[in-house]
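Undergrad: predicted structure and sequence below. I'll ask about it afterward.
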Amino acid sequence: MKKIVIIILLILAIVMTAMPFCASAAERVDYIIRGGTVVTMDASGTVIENGAVAVRRDRIVAVGKTADIDSKYKAERVIDATYRVVMPGLINTHTHVPMGMFRGIADDLVLMEWLQKYIFPAEAKNVDEPFVRWGTRLGCLEMIEGGTTTFVDMYYFEDAIAEETAKAGMRAVLGETLIDFPAPDNKTWDAGMLYVEKFTDKWKGHPLIVPAIAPHAPYTVSTEHLKQAHDLSSRKNVPLVMHIAEDGAEVKTIQERYGASSVAYLERNGLLDSRVIAAHMVWPTPEDIRTLAARKVGVAHCPQSNMKLAAGTAPVPQMLKAGVAVGLGTDGAASNNDLNLWEEMDTAAKLHKLISKDPTVLNAREALELATINGARAIHMEKEIGSLEPGKRADLILVNMESPHQWPLYNVQSQLVYATKASDVETVMINGRLVMEDRQVTTIDAAAVRQKAIEYRDRIRKSLTAK
């Protein structure tokens with residue numbers, strides 16, 4: 001009997017001694033987001049019920065069942081995702097972010113009239129660095145609240161946009177606009193080229209900001225200048241962002257000027273490659289689509305902006321079938337009039353069904369991919385963002401599924417595309433940092449932004465009526 005007691009005591013001692021080692025075996029992470037429906041957007045379209053994501057610093061460490069993550073990791077902070085969808089942050093592949101200050105300034109016009117009679121004059125009279133900073137704060141606030149974690153921008157004073165975007169904690173590809181007439185920041189082409197070279201040198205390698213070069217369009221930039229911009233993009237190995245084949249007037253101008261489509265003209269001059277992000281791409285020919293695929297050009301599809309300006313409908317199903325990487329963009333809020341990618345997903349899916357007269361075209365999963373992993377491919381960042389997978393950047397959002405418009409839930413991907421609203425986004429993490437919790441953005445002073453938006457509205461109104 002005594003021997004048995006001694007054996008039991010020895011076993012207990014061994015177990016008690018081993019327990020601290022067992023506890024310490026759990027790997028330390030910064031966050032565990034647990035208990036939600038994890039929509040990974042990986043290659044298999046994996047959806048994990050009662051799933052969890054572990055995050056350390058700026059990276060995703062693990063994705064799996066909550067029980068498995070809990071058994072392997074111990075977090076500084078645990079976020080309860082019960083009745084939430086945990087998914088990649090949305091990617092807006094084409095914006096002019098400060099133009100939110102022009103929201104509603106001129107609606108219901110054709111593109112060229114809208115640009116030449118209203119937008120270009122309003123920009124000439126109002127756009128300076130403070131305007132751009134406040135417009136960027138406004139745009140970042142709106143996008144964070146809607147679950148967008150990455151955006152591609154094309155505007156002026158892009159260095160100021162980069163500074164404000166980094167302060168807001170957002171990820172962005174930021175292209176300084178180059179154009180063949182005096183711009184608000186640089187009055188000559190040479191000044192613009194000098195600016196953009198300094199800009200790319202300053203921001204390259206930043207954890208959130210990818211600098212880019214953004215010649216406006218084939219009809220506003222000469223062939224020689226386009227070649228200079230492309231050469232700089234190649235030399236610096238940074239993206240080149242450009243409006244291409246946006247509407248019928250552009251197509252006609254390029255055909256008359258160069259005897260080719262916009263894509264064929266650019267290809268003929270060696271200006272298309274895997275660094276290019278082509279905005280809109282409404283009017284490519286079948287041959288153009290093959291060229292885009294072969295050159296690995298990314299495309300930003302902006303359905304609501306294109307519809308509002310009656311620019312046409314981009315052949316997205318055909319581009320996807322050909323292997324072109326297509327993402328979703330809102331364009332600027334002056335022509336949309338918001339930065340809401342949930343609306344863009346819903347619109348894109350329904351628009352292409354209507355145009356094709358086929359309800360199976362661009363299904364919910366494909367529409368969701370446009371705003372996540374395909375958007376990442378379109379901006380050439382799919383190795384870093386766009387899906388929830390170990391090793392990728394910790395850019396993720398929690399979507400509240402408890403509102404009446406979310407009841408009942410049968411297919412989570414369909415629900416996200418056809419029922420979810422921007423206001424359902426509850427929590428946003430970018431690069432491992434929480435920038436919104438419980439609908440409260442922590443990196444931007446919303447009250448100050450609203451006050452400045454009112455002030456700029458009054459100033460812009462006066463500038464357009466002044467003789």
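TA: Great, that's in hand. Numbers count the residues shown, from 1 in each chain.
Undergrad: and the strand or helix carrying Arg137, what's buried?
TA: For Arg137, the element it lies in under DSSP states H and E is helix 129-145. Neighbour counts using 16 or more other Cβ atoms under 10 Å place 131-145 of helix 129-145 among the buried residues. Every residue, glycine included, has its C-beta placed from N, CA and C.
Undergrad: for Leu141, which non-adjacent residue is spatially closest?
TA: Ile444 (4.8 Å; Cβ to Cβ, 6 or more residues apart in numbering).
Undergrad: SS state for that neighbour?
TA: coil (DSSP: H, G, I helix; E, B strand; the rest coil).
Undergrad: phi, psi for it please.
TA: phi -140, psi 140 (degrees, to the nearest 10).
Undergrad: residues contacting it?
TA: 137, 140-141, 144, 168 (Cβ atoms under 8 Å, 6 or more residues apart in numbering).
Undergrad: one more time with 6 Å, if that's ok
TA: With contact taken as Cβ atoms under 6 Å, 6 or more residues apart in numbering, Ile444 is in contact with 137, 141, 168.
Undergrad: if I look at it, how far off is Lys350?
TA: From Ile444 across to Lys350, the span is 32 Å (Cβ to Cβ, to the nearest Å).
Undergrad: likewise Trp283?
TA: Distance from Trp283 to Lys350, counting by Cβ to Cβ: 21 Å.
Undergrad: could you do Val297 as well?
TA: Counting by Cβ to Cβ, the gap from Val297 to Lys350 is 26 Å.
Undergrad: Lys125 touches Ser463, doesn't it?
TA: Yes: with contacts counted by Cβ atoms under 6 Å, Lys125 reaches Ser463, the gap being 4.2 Å.
Undergrad: common neighbours of these two, please.
TA: Between them, Lys125 and Ser463 share no contacting residue under Cβ under 6 Å, 6+ apart.
Undergrad: Throw the contacts of Ile444 into CSV and include distance to Ala448, thanks.
TA: Output for those, formatted as CSV (distance: Cβ to Cβ, whole Å):
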residue, distance to Ala448
Arg137, 8
Leu141, 10
Ala168, 13
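Undergrad: show the average pLDDT along the top strand by length along the chain.
TA: With secondary structure taken from DSSP state E, the chain has its longest strand at strand 27-39. Taken as a whole, strand 27-39 has an average pLDDT of 98.
Undergrad: quick one: buried residues of it?
TA: Those would be 29-39, for strand 27-39 by 16+ other Cβ under 10 Å.
Undergrad: touching that strand from outside, list them.
TA: With contact meaning Cβ under 6 Å, 6+ apart, strand 27-39 is reached by 47-49, 51-56, 61, 66, 73-82, 84-87, 412.
Undergrad: how much space between Ile289 and Asn336?
TA: 25 Å.
Undergrad: who has more neighbours, the two?
TA: Applying other Cβ atoms under 10 Å to Ile289 and Asn336 shows that Asn336 carries more neighbours, namely 26 against 21.
Undergrad: the more buried one touches Ser305, doesn't it?
TA: Yes: using Cβ under 6 Å, Asn336 is in contact with Ser305, at 5.0 Å.
Undergrad: quick check: bridge partners of the closest residue in space to Val39 that isn't next to it in sequence?
TA: Nearest residue to Val39, sequence neighbours excluded (Cβ to Cβ, 6+ apart): Met87, at 4.2 Å. Beta-bridge pairing for Met87 (DSSP bridges): Ile397.
Undergrad: next one, pLDDT for Met87 please.
TA: Taking Met87 on its own, its pLDDT is 99.
Undergrad: next SSE after the one helix or strand Thr200 maps to?
TA: Counting by DSSP H and E, the element that carries Thr200 is helix 189-203. Going down the chain from helix 189-203, the next helix or strand is strand 209-215, by DSSP H and E.
Undergrad: and Arg103, how far is that from His96?
TA: 11 Å.
Undergrad: between these two, who's got more neighbours?
TA: Comparing Arg103 with His96 by other Cβ under 10 Å, the one with more neighbours is His96, at 24 against 20.
Undergrad: name the nearest residue to the more buried one, ignoring sequence neighbours.
TA: Gly332 (3.4 Å).
Undergrad: confirm the one you found sits in a helix?
TA: No: per three-state DSSP, Gly332 lies outside any helix segment and is coil.
Undergrad: now it, what are its backbone angles?
TA: phi -80, psi 160.
Undergrad: contacts for stretch 387-397?
TA: Taking Cβ under 6 Å, 6+ apart as the rule, stretch 387-397 contacts 40-42, 53, 55, 58-60, 62-63, 88-89, 147, 149, 373, 384-385, 425, 428-432.
Undergrad: go again using 7 Å as the cut-off
TA: For stretch 387-397, the external contacting residues (Cβ atoms under 7 Å, 6 or more residues apart in numbering) are 38, 40-42, 53, 55, 58-63, 86-89, 147, 149-150, 171, 372-373, 384-385, 425, 427-432.
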